[in-house]
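1. What follows is a protein structure lacking sequence information:
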């Protein structure tokens, strides 16, 4: 318990019986460093900044895009207001989307449950109890048919918080319903390295395979679905796992640079791929630091694309940024306080000039967001847009001596981090645990500061409430999930074993032969392959176990190209 919380609780205890008093609360500066431990001065002056305006800043919409991606920013192009939806079955989540539409939500971000996200089927004997608890179960193209029933994917932008399996399923769905792939809209996050770095290690996919799948998806997408956006690099999960804003930039640019190099070897230029990319970022609670991060990020991206990779297309230099407010910053205790946190984080994102915002709901530390919380999250952004004036002018903090100094400081740190990671090698830095050690060091220091009261978090280590009632939780009927799992298992037996087996063999042949895996994956998903089967086959083809939990054997005879039926469990 901090000194502050002792004072508050002690004052409350002195109240007369039957009376309630509001204890006095004193404010004091508890920290002079930023949330990422950049030490700051009491005041900043012109002497703290230098550089030519045009070369270092430029006007919004002009190289190097420090002040914004577009000339008029939100006067001509508002950010996309988003909120995540995903729970239970595809049918459950579709009902949630319809409710969000009625609340005024323009963009829809569908989040899969962790079972689907890591490439496991809902009928896996280890994972059935987890299905639909933290997102929507999306395990095959049939699930997309239910989720997107009546939604034209060539006219509606649906963003998917899903990695390598989603894109070939989305293409298979579009083909099944006769949609023109050249007009296919939407986005997903092909950067599977996030799972290697946010706690999954190499259990579900090796770092080399994760990167290979990202390259395959990006190459195929930019050539066949030009309107499909790619949330890449996906730095949200990694930032939440425990890194600073400077490390987010340095690591993300390393991922992008390595990707540009690998795609160039396949004949894909930076001007072909960069315009399709959108950086997926977390926006944390330190408003000024986050604003400075976005400004430094745009500048560094533009210079890398133009000066290092020879980009000529301004659309590729002009980085689009999609953000989600920080779930890690939210606190379980007194969850309504989280409305303040997410409002300030959203404001930082808008002041930083991002292109889309997903605001966390205040009850995310408690469980799946309630419909009421999702509506409040949408209203929060509407208030910022229409009442606060956050969208009124581009780069409102530009020219602040403090923000300009902080932008330069973050850029300098990020530049050093990127140079170090590129020298070590991206995949190697993931595989040998180097990046994991950076995260561990950051998290240890953060926790020590919280325990020592050096990092004040209201409700967690200061002004801690007593006898707080349990917050209301989102609930939904689990019976449809059980029925869905039964039907999912049954329909796998109705597939053509020869055609499916041959399609899965073609996936492995593409993996081994060095060709793009996407055409074979699309065909296999069209024939009823599931995410668990596809992930298992990719693992087998890479010398890894079919089942990451070491419970199931592969149901495919890849030599003969046949599906053998339900996978048997490994003895012992």
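-> Perfect, I can see it now. The shown structure was predicted, so the numbers you read here are calculated from the model rather than taken from an experiment.
2. In the stretch 301-450 of the chain, mark out all the strands, start to finish.
-> 320-325, 356-358 (DSSP state E, counting those that start in this stretch).
3. Check which helices and strands the last one sits against.
-> Read it as strand 356-358. strand 80-85, strand 320-325, helix 338-351 (3 or more Cβ pairs under 8 Å, 6 or more residues apart in numbering; DSSP states H and E). Using the backbone N, CA and C atoms, a C-beta is placed for each residue, glycine as well.
4. So what are the sheet partners of the first one and their directions?
-> Just to be clear, that refers to strand 80-85. Applying DSSP bridges to the sheet, strand 80-85 is found paired with strand 107-110 (parallel), strand 356-358 (parallel).
5. any idea how this structure splits into domains?
-> For the chain, automatic domain parsing gives the domain ranges 46-432, 497-563.
6. residue ranges for the strands of the stretch 101-250 of the chain, please.
-> Going by DSSP E, counting those that start in this stretch, the stretch 101-250 of the chain shows strands at 107-110, 158-160, 187-188, 229-234.
7. repeat for the stretch 451-572 of the chain
-> Ranges of strands within the stretch 451-572 of the chain are 556-557, 562-563, based on DSSP E, counting those that start in this stretch.
8. Now do the same contact list for the residue nearest the centre of the chain.
-> Per Cα atoms, centre = their mean, the C-alpha nearest to the average position across the chain is that of residue 236, at 4.4 Å. By Cβ atoms under 8 Å, 6 or more residues apart in numbering, the residues touching residue 236 are 194, 280, 281, 282, 323, 324.
9. May I ask which of the residues you listed comes out lowest in pLDDT?
-> Across the contacts of residue 236, the smallest pLDDT goes to residue 194, namely 85.
10. wait, that residue sits on residue 161?
-> No. At 10.3 Å, residue 194 and residue 161 do not qualify as touching, with contact defined as Cβ atoms under 8 Å.
11. what do these two both touch?
-> What both residue 194 and residue 161 touch, as defined by Cβ under 8 Å, 6+ apart, is an empty set.
12. any idea how far the residue nearest to residue 434 when sequence neighbours are not counted lies from residue 263?
-> The shortest distance from residue 434 to any non-neighbouring residue, by Cβ to Cβ, 6 or more residues apart in numbering, is to residue 424 (6.4 Å). Per Cβ to Cβ, to the nearest Å, residue 424 is found 21 Å from residue 263.
13. Next: residue 43.
-> From residue 43 to residue 263 the distance is 46 Å (Cβ to Cβ).
14. quick one: which of these two has more around it?
-> residue 263 (19 against 8; other Cβ atoms under 10 Å).
15. check contacts around that one.
-> Contacts of residue 263 (Cβ under 8 Å, 6+ apart): 215, 218, 219, 269, 270, 273.
16. again with residue 227
-> So residue 227 contacts 182, 183, 184, 185 (Cβ under 8 Å, 6+ apart).
17. Tell me which helix or strand residue 264 sits in.
-> Using DSSP states H and E, residue 264 falls within helix 245-265.
18. relative to strand 229-234, how tilted is that helix?
-> Using axes from the mean of the first three to the mean of the last three Cα atoms, to 10 degrees, the direction of helix 245-265 lies 120 degrees away from that of strand 229-234.
19. average pLDDT across the next helix or strand after helix 245-265?
-> Once the chain leaves helix 245-265, the next helix or strand it forms, by DSSP H and E, is helix 270-273. Mean pLDDT, taken over the full extent of helix 270-273, equals 98.
20. Packing partners of helix 270-273?
-> Using 3+ Cβ pairs under 8 Å, 6+ apart, helix 270-273 is in contact with helix 207-224, helix 245-265, helix 314-317.
21. Format those as CSV; extra columns: distance to residue 286 and mean pLDDT.
-> Putting these into CSV (distance: least, Cβ to Cβ, whole Å; pLDDT from 0 to 100) gives the following:
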stretch, distance to residue 286, mean pLDDT
helix 207-224, 30, 97
helix 245-265, 8, 98
helix 314-317, 27, 98
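22. Rebuild the ones you listed as a markdown table, extending it with distance to residue 99.
-> Below are these laid out as a markdown table (distance: least, Cβ to Cβ, whole Å):
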| stretch | distance to residue 99 |
| --- | --- |
| helix 207-224 | 30 |
| helix 245-265 | 33 |
| helix 314-317 | 35 |
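23. Residue 112 is in contact with residue 85, isn't it?
-> No. The pair residue 112 and residue 85 fails to qualify as a contact (Cβ under 8 Å) at a distance of 11.1 Å.
24. Pull up the overlap in contacts between those two.
-> Listed as contacting both residue 112 and residue 85 by Cβ under 8 Å, 6+ apart are residue 136.
25. before we move on, back to that, which among the contacts of residue 227 count as buried?
-> 184, 185 (16 or more other Cβ atoms under 10 Å).
26. Which two among the contacts of residue 227 are spaced furthest apart?
-> Within these, 182 and 185 form the most distant pair, 10.8 Å apart (Cβ to Cβ).
27. Tell me, how many residues neighbour residue 493?
-> By the criterion of other Cβ under 10 Å, residue 493 has 10 neighbours.
28. hang on, isn't it packed against residue 566?
-> Yes. Counting by Cβ under 8 Å, residue 493 does reach residue 566; the two are 7.3 Å apart.
29. Can you give me the separation between the residue nearest to residue 434 and residue 141?
-> Taken as Cβ to Cβ, the span from residue 424 to residue 141 is 39 Å.
30. okay, those two: which has more neighbours?
-> residue 141 (23 against 15).
31. Check the strands paired with strand 80-85 for me and report the most buried one.
-> Neighbour counts (mean count of other Cβ atoms under 10 Å) averaged over each of these peak at strand 356-358, with a mean of 26.
32. So what touches it?
-> So strand 356-358 is contacted by 79-84, 107, 109, 159, 278, 322-325, 346, 349-350, 381 (Cβ under 8 Å, 6+ apart).
33. if we go to 7 Å?
-> Residues outside strand 356-358 that contact it (Cβ atoms under 7 Å, 6 or more residues apart in numbering): 79-84, 107, 109, 322-324, 346, 349, 381.
34. Check stretch 198-206 too.
-> 118, 119, 192, 195, 196, 237, 238, 241, 539, 542, 544, 548.
35. try 6 Å
-> Contacts with stretch 198-206, where a contact means Cβ atoms under 6 Å, 6 or more residues apart in numbering, come from 118, 192, 195, 237, 241, 548.
36. May I ask which two of the residues you listed are separated the most?
-> The largest distance within those, taken as Cβ to Cβ, falls between 241 and 548 and amounts to 19.2 Å.
37. of those two, who's got more company?
-> Shown here are residue 241 and residue 548; by other Cβ under 10 Å, residue 548 has more neighbours (22 against 19).
38. which parts of the helix holding residue 264 are buried?
-> 245-260, 262-263.
39. cool, stretch 352-372 as well?
-> Buried, per 16+ other Cβ under 10 Å, within stretch 352-372: 352-366, 368-370.
40. Residue 512: how many residues sit nearby?
-> Residue 512, neighbours per other Cβ under 10 Å, totals 10.
41. How much space separates it from residue 540?
-> 11 Å.
42. What of residue 250?
-> 34 Å.
43. repeat for residue 221
-> Residue 221 is 25 Å from residue 540, where distance means Cβ to Cβ.
44. okay, those two: which has more neighbours?
-> When neighbours are counted by other Cβ under 10 Å, residue 221 and residue 540 differ, and residue 221 comes out ahead with 26 against 18.
45. Which residue is the nearest non-sequential neighbour of that one?
-> Using Cβ to Cβ, 6+ apart, the nearest residue to residue 221 is residue 228, at 5.2 Å.
46. and that neighbour, what does it touch?
-> Applying Cβ under 6 Å, 6+ apart, the residues near residue 228 are 184, 186, 221.
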